[in-house]
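Asks: structure, please.
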Amino acid sequence: MSNSMPDEAGFLASYNPSDFLPVALTVDLVVFAVRHKVLHIALVERGAHPLLGSWALPGGFVGPTENALAAAHRELEEKTGLNLGSHSVFVEQLATFSDPGRDPRMRVVSVAHLVLLAAEGGILPPLSAGSDAAHAQWVPVHTLDTSALAFDHGEILQQGLERLAGKMEYTTIGARLLPAQFTISALRDVYSAVWQVELPAGNFTRKIRPSLTPTGVKVQGVGAPASLFTVGSDWISPPFARPCR
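Replies: Okay, the predicted model is just below:
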């Protein structure tokens, strides 16, 4: 190694970040919930430029002392009033979106997150707009014109929906949209809401039952009392074959 090479401390002291183009980091959240067999997503109306008045996924810039997950929690609460610590939720990183022209302000890279919220008693938690959001509301996913969403949020939403729908073939992730204890019928309703198909009750039960654990508790349904289950395994084996629409 050449003796002319500076040590790391010397290298960092002379390093100039302004030699490179600035890139901002943001987070966007695809927040799904199911009510009455309908898949909903949380959206906000932008109350500031750019794209003032457009509907968008909740999100915003990552702070200088935050990681992406912490920013996702903060931004969701600021934009919609949803505190993920107060609800039964599942959160995972979805993808990174980095097209150079995705934001008219500057080069902005977004780390998108998939959030599944369990609607207790079939009731969606109320949303209250804050920060630079003018309004916030739950919107049925499958009737939404995703092309009208701000930035590339239509693409982000579609990738979130495909991630959820695909993983429901071979994992019990769909149960994350339900309370911890649920009926098989309620879980089948989640599949109907996401996949937009009606699955035969008998076949669905035979397929999903090995992945569930009975609680020994029953609840009164429309007909006979229905048993409550919890998730016993993360995996469904053999997996479902998602019906074609």
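Asks: so which bits of the lengthiest helix in the chain are buried?
Replies: Using DSSP state H, we find that the single longest helix of the chain is helix 153-167. Buried residues in helix 153-167, counted by 16 or more other C-beta atoms under 10 Å: 153-157, 159-161, 163-165, 167. The way it works is simple: take the backbone N, C-alpha and C, and place the C-beta from them, glycine included.
Asks: then stretch 137-157?
Replies: So stretch 137-157, judged by 16+ other C-beta under 10 Å, has buried residues 137-138, 141, 144, 149-157.
Asks: which stretches of this structure form strands?
Replies: For the chain, the strands defined by DSSP state E occupy 24-35, 38-46, 55-56, 59-61, 89-97, 108-117, 133-140, 212-219, 226-231.
Asks: give me the mean pLDDT for the second one.
Replies: Spelled out, that is strand 38-46. Averaged across strand 38-46, pLDDT comes to 97.
Asks: ok, back up a step: could the strands of the chain go into CSV alongside distance to Glu77?
Replies: CSV is the format used below for the strands of the chain (distance: least, C-beta to C-beta, whole Å):
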stretch, distance to Glu77
strand 24-35, 11
strand 38-46, 12
strand 55-56, 16
strand 59-61, 11
strand 89-97, 12
strand 108-117, 12
strand 133-140, 11
strand 212-219, 32
strand 226-231, 27
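Asks: quick check: end-to-end length of stretch 124-143?
Replies: End-to-end distance for stretch 124-143, by C-alpha to C-alpha, to the nearest Å: 18 Å.
Asks: can you read off the pLDDT for Ala165?
Replies: pLDDT, Ala165: 98.
Asks: distance of the closest residue in space to Thr171 that isn't next to it in sequence relative to Leu94?
Replies: Closest residue to Thr171 apart from its sequence neighbours, by C-beta to C-beta, 6 or more residues apart in numbering: Asp234 at 5.5 Å. Asp234 sits 18 Å away from Leu94, going by C-beta to C-beta, to the nearest Å.
Asks: spatially nearest residue to Gly166 (excluding sequence neighbours)?
Replies: Arg242 (7.8 Å).
Asks: I'd say the one you found and Gly174 touch.
Replies: No. The criterion here is C-beta atoms under 8 Å, and Arg242 misses it with Gly174 at 11.8 Å.
Asks: overlap in contacts of these two?
Replies: Met168 (C-beta atoms under 8 Å, 6 or more residues apart in numbering).
Asks: neighbour count winner among the two?
Replies: Higher neighbour count among Arg242 and Gly174: Gly174, with 26 against 15, using other C-beta atoms under 10 Å.
Asks: need the pLDDT of that one.
Replies: On pLDDT, Gly174 comes in at 98.
Asks: next one: Arg35
Replies: 95.
Asks: do you know how far it is from Trp55?
Replies: Distance from Arg35 to Trp55, counting by C-beta to C-beta: 19 Å.
Asks: of those two, who's got more company?
Replies: Trp55 (21 against 16).
Asks: quick check: that one touching Val44?
Replies: Yes. Contact criterion C-beta under 8 Å: Trp55 and Val44 qualify, at 7.1 Å.
Asks: cool, thanks, talk later.
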